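Engineer: Okay, sequence plus prediction incoming.
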Protein chains: 2
Amino acid sequence: MSYKELDMPRRTILTPGPVEVDPRVLRMMSAPILGQFDPAFTTIMNEVMEMLRKVFKTKNKWAFPVDGTSRSGIEALLCSVIEPGDKVLVPVYGRFGHLLMEICERYGAEVKAIYQEWGTVFNPEEVIREIQEWKPDVVAMVHAETSTGCMQPLKEIGESCRKEDVLLIVDAVASVGGVDVRVDEWFIDGLIAGTQKCLSIPSGMSPLTYNERIEKRIARRKKVERGIASEDDRTQNASFIKSNYFDLGMLQDYWSPRRLNHHTEATSMVYALREGLRLVLNEGLEERFERHRYHEKALTAGIKAMGLELFGDPNAKLPVVTCIKIPEGVDGEEVRRVLLDMFGIEIASSFGPLHGKIWRVGTMGYSCRRENILAFLGAFEAVLVQQGATVQKGAGLQKALAYYIEETGESKV
Amino acid sequence: MSYKELDMPRRTILTPGPVEVDPRVLRMMSAPILGQFDPAFTTIMNEVMEMLRKVFKTKNKWAFPVDGTSRSGIEALLCSVIEPGDKVLVPVYGRFGHLLMEICERYGAEVKAIYQEWGTVFNPEEVIREIQEWKPDVVAMVHAETSTGCMQPLKEIGESCRKEDVLLIVDAVASVGGVDVRVDEWFIDGLIAGTQKCLSIPSGMSPLTYNERIEKRIARRKKVERGIASEDDRTQNASFIKSNYFDLGMLQDYWSPRRLNHHTEATSMVYALREGLRLVLNEGLEERFERHRYHEKALTAGIKAMGLELFGDPNAKLPVVTCIKIPEGVDGEEVRRVLLDMFGIEIASSFGPLHGKIWRVGTMGYSCRRENILAFLGAFEAVLVQQGATVQKGAGLQKALAYYIEETGESKV
């Protein structure tokens, strides 16, 4: 049996990741391979670090990708910082808070979770009180929860962590490139981004950054690789990092001018990352955040005009994910299936307590375009009507169309 | 400052990885993104599993990639199998044996290494004697050492492991797709391949396979992810796998019809993997191995005709990596630099005891083409002469040219 060449269907992707990728980024992945120590390639690596610092709004020395999907970056940062017995506070307000707990527990941390109902976020005061009372070594929390469409204000929590000498590690996988993230100004010690969300780059890399406070910890845990270690090296490392692949001390050496061999850098993904970051910076960070808010308004206005309800505390709403309550008597999964099969449009369901209760619509990066919003509103209404739901026919699309025409009077992508 | 679009130089890559990638594979990476649970995408995932089984020559149920570079697959398999205190025998005959030791030690194994001089391999009897005497739980070893250009016969070792009820885990990153690897026939329990070597796919995925013996171990160590676990689940897992990202139990659930959400699959890399495997299978495994041997002969004949010496035991030579002794008085790094700068040709140096002593020329996958061999021999001679080395002028290229014309009388790529 011989296999045929792939011929992928065209999709309109409006999930909270993976999202559509700008054709310019996709095209860059077809560029020929360079050796990982070729000066032409190490120049690209350095440019990627420089661009990441700008996107993260940080002066940190270390800003580079881990070769793996977003959770590889989360695990790399957590396992490089956390030693068995460390006290880690995890404020949980959605699914990905659970993931942070899970990873911290695997690496032997004493984890204390505090919970907030899904669809809301923490009053920073509440987190700060826990920090002052329980005195953790690390606070690990999610900036934007795609599972609930909520975003947690971080600056006051960051200030408190710095004051109490606690490390703050933030999962900003869903927010970086779509909404404002200020690593230095918010006193974030370590932060992980994702490529396949607002940066609109294919999944498979996890850019992260960390400051000197974390670098010091990593340096203390340094393990010299077998075969080049002396007896001294071997005995001094009781607290060595458990993972080789995720050992940020070794990754640092690889991304620094020393270029100490570790893994074989994923050439094509680095090309994509550089091109994706270039497009983000050329668009302008503030302009990009504004674009996400601009299309969010069209989407939410259209959905409300249809007579549907949004889920979650509006004051905590993440601009790049819109959660819609599934009306009584409607089969949410069947709506998703028909949307995909008939219109080629993909939206998401949710997890845990929200399973079967909401749809999630992502408007991230290259997916966040006027034609996508309009295509979705039209198709969504049609499928809901076909499935017997009660909606204001024609209202959603007209509302969004009026918004776009009124707001701009002309094209604005 | 605004960044320019990348314009990569064209290189002839003759290192032992990463190697050149067939333009058809590169082109496939430009295909649009599909959602990870889109039926069009899960079909591709299933095809990838099916193709991997053929390439690995196995009937194993589990054959899928880990999203990361080759060492991510090595770590995933080792950390999912090894529990603290497990006895692991690592026969080391080059750099990547050290890496296996390093990873096993990090995960708490009691490691015993036996060593063979770099440039040679083990007499299987010697390894078997250690297995019988020390009675390890696991034997972890490298099939093909790119650091020395040597290949270890595995079948007798595999037979012994099965007889003694020891698990055999093999790093076949450098061999799969270039030389014969028979997972089932050689009694290999778990095996890791690399994409960026003989499979000629960009770096960033690590395909692996394992059998029921390993699956049972993984099942015993299963950890249910936080938030869906009951109290019972939490207490039964004293031996849980340390890493979340590398937990093969969770990856299994993701690659099985259950499709339990874990990471966000790296869409574009999966496209590349499928296309690369398709090209391998359409070429034919035996035909592909023969092609690698065919060009190896041209290369080695040319090098010898120049008056240079090959490094390593010829009986253990890995067909896809050719090691050349750096002649007395020649600066190996300077030769590599001029080759790259002037001719755009990249070859490799080596590590540890071989640092500064040999060059390594890889002829893997798409890089293994007649025009590459001929371009290298011509350029290599020119650089050596320019650097003042004594070589038989014109002899290398003439020898290879005669071989190609004699052997084929016509084009044979």
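Structural biologist: Received it, and whenever you're ready, just let me know what you need. Quick caveat, the model's predicted, so the values are computed rather than measured.
Engineer: Excluding chain neighbours, give the residue nearest to the residue in the stretch 251-400 of chain A positioned nearest to chain B in space.
Structural biologist: Closest contact between the stretch 251-400 of chain A and chain B, by Cβ to the nearest Cβ, is at A:Ala266 (3.2 Å). Bear in mind the C-beta positions are built from the backbone N, C-alpha and C, glycine included. Of all residues not flanking A:Ala266 in the chain, B:Gly204 sits nearest, at 3.2 Å (Cβ to Cβ, 6 or more residues apart in numbering or on different chains).
Engineer: what helix or strand is that neighbour on?
Structural biologist: Secondary structure assigned from DSSP states H and E places B:Gly204 in neither a helix nor a strand.
Engineer: Now do the same contact list for it.
Structural biologist: Residues near B:Gly204 by Cβ atoms under 8 Å, 6 or more residues apart in numbering or on different chains: A:67, A:204, A:266-269, B:67-69, B:195-196, B:266, B:269.
Engineer: Let's verify A:Thr322: helix, strand, or coil?
Structural biologist: strand (DSSP: H, G, I helix; E, B strand; the rest coil).
Engineer: residues touching it, list them.
Structural biologist: A:149, A:296, A:299-300, A:303, A:310, A:360-361, A:363.
Engineer: which SSE is A:Arg360 in?
Structural biologist: Using DSSP H and E, the element containing A:Arg360 is strand A:358-362.
Engineer: mind checking the longest helix of chain A?
Structural biologist: Counting residues, the longest helix found in chain A (DSSP state H) is helix A:285-305.
Engineer: Find the residue at the geometric middle of chain A.
Structural biologist: A:Val173 (1.6 Å; Cα atoms, centre = their mean).
Engineer: Tell me the buried residues in the longest helix of chain A?
Structural biologist: Using 16 or more other Cβ atoms under 10 Å in any protein chain shown as the test for burial, helix A:285-305 gives A:288-289, A:291-292, A:294-296, A:298-305.
Engineer: Just give the strands next to whichever strand or helix holds A:Ile169 in its sheet, each with its orientation.
Structural biologist: Per DSSP H and E: A:Ile169 is located in strand A:167-171. Each strand paired with strand A:167-171, and its direction, by DSSP bridges: strand A:138-142 (parallel), strand A:190-192 (parallel).
Engineer: Check which element follows the first one along the chain.
Structural biologist: Taking DSSP H and E as the definition, the helix or strand that follows strand A:138-142 towards the C-terminus is strand A:144-145.
Engineer: Check which helices and strands the very next helix or strand once past that following strand sits against.
Structural biologist: Beyond strand A:144-145 in the direction of the C-terminus, DSSP H and E gives the next helix or strand as strand A:150-151. For strand A:150-151, the packing partners by 3 or more Cβ pairs under 8 Å, 6 or more residues apart in numbering or on different chains; DSSP states H and E come out as strand A:144-145.
Engineer: how near is the residue nearest to A:Gln252 when sequence neighbours are not counted to chain B?
Structural biologist: With sequence-adjacent residues excluded and distances taken as Cβ to Cβ, 6+ apart, A:Gln252 is closest to A:Trp62, at 6.3 Å. Note on A:Trp62: its distance to chain B, by Cβ to the nearest Cβ, to the nearest Å, is 19 Å.
Engineer: what's across from A:Trp62 in the sheet?
Structural biologist: Beta-bridge partners, per DSSP bridges, of A:Trp62: A:Tyr210.
Engineer: hang on, isn't it packed against A:Thr209?
Structural biologist: Yes. Using Cβ atoms under 8 Å, A:Trp62 is in contact with A:Thr209, at 6.2 Å.
Engineer: and the two? which has more neighbours close in?
Structural biologist: Taking other Cβ atoms under 10 Å in any protein chain shown, A:Trp62 and A:Thr209 do not tie; A:Thr209 has more neighbours (30 against 22).
Engineer: per-residue confidence for the more buried one?
Structural biologist: Per-residue pLDDT puts A:Thr209 at 98.
Engineer: For it, which non-adjacent residue is closest in space?
Structural biologist: A:Ala63 (4.1 Å).
Engineer: Isn't the one you found up against A:Glu47?
Structural biologist: No. Between A:Ala63 and A:Glu47 there is no contact under Cβ under 8 Å: 11.6 Å.
Engineer: give me the number of residues near A:Ser256?
Structural biologist: 13.
Engineer: And the pLDDT for it?
Structural biologist: On pLDDT, A:Ser256 comes in at 95.
Engineer: same thing with A:Tyr3?
Structural biologist: 87.
Engineer: where's the closest residue to it other than its chain neighbours relative to B:Val383, distance?
Structural biologist: Using Cβ to Cβ, 6+ apart and skipping the chain neighbours, the partner closest in space to A:Tyr3 is B:Arg278 (4.5 Å). Per Cβ to Cβ, to the nearest Å, B:Arg278 is found 37 Å from B:Val383.
Engineer: what's the answer for A:Leu308, then?
Structural biologist: 70 Å.
Engineer: Then A:Val121?
Structural biologist: Using Cβ to Cβ, which is the criterion applied here, A:Val121 is 62 Å from B:Val383.
Engineer: between those two, which one's more packed in?
Structural biologist: A:Val121 (25 against 22).
Engineer: got the contact list for that one?
Structural biologist: Listed by Cβ under 8 Å, 6+ apart, the contact partners of A:Val121 are A:93, A:150-153, A:313, A:316.
Engineer: Show me where chain A has its helices.
Structural biologist: Going by DSSP H, chain A shows helices at A:23-28, A:39-56, A:70-81, A:95-106, A:124-134, A:155-163, A:212-220, A:231-235, A:248-255, A:267-283, A:285-305, A:332-343, A:370-386, A:395-408.
Engineer: from those helices, which stretch is densest packed?
Structural biologist: Scoring the helices of chain A by mean neighbour count under mean count of other Cβ atoms under 10 Å in any protein chain shown gives helix A:70-81 as the most buried, with a mean of 27.
Engineer: From B:Leu299, how far off is the residue of the stretch 101-250 of chain A found nearest chain B?
Structural biologist: Closest residue of the stretch 101-250 of chain A to chain B, Cβ to the nearest Cβ: A:Gly204 (3.2 Å). The gap separating A:Gly204 from B:Leu299 is 34 Å, by Cβ to Cβ.
Engineer: How about A:Ala400?
Structural biologist: Plainly put, A:Ala400 is 63 Å away from B:Leu299 if you go by Cβ to Cβ.
Engineer: Under the pLDDT cut-off, which ranges of the stretch 151-300 of chain A? List them.
Structural biologist: A:224-238 (pLDDT under 70).
Engineer: Might you enumerate the residues of it proximal to chain B?
Structural biologist: Residues of the stretch 151-300 of chain A lying close to chain B (Cβ under 8 Å from any Cβ of the partner chain) are A:194, A:196, A:202-204, A:223, A:225-228, A:240-246, A:261-269, A:271-272, A:274-275, A:278, A:281-282.
Engineer: correct me, but A:Asn2 touches B:Leu279?
Structural biologist: No, residue A:2 isn't Asn; it's Ser. No. Counting by Cβ under 8 Å, A:Ser2 does not reach B:Leu279; the two are 10.9 Å apart.
Engineer: Show me what stretch A:128-136 is in contact with.
Structural biologist: A:87-89, A:91, A:112, A:114, A:139, A:156-157, A:160-161, A:164, A:166.
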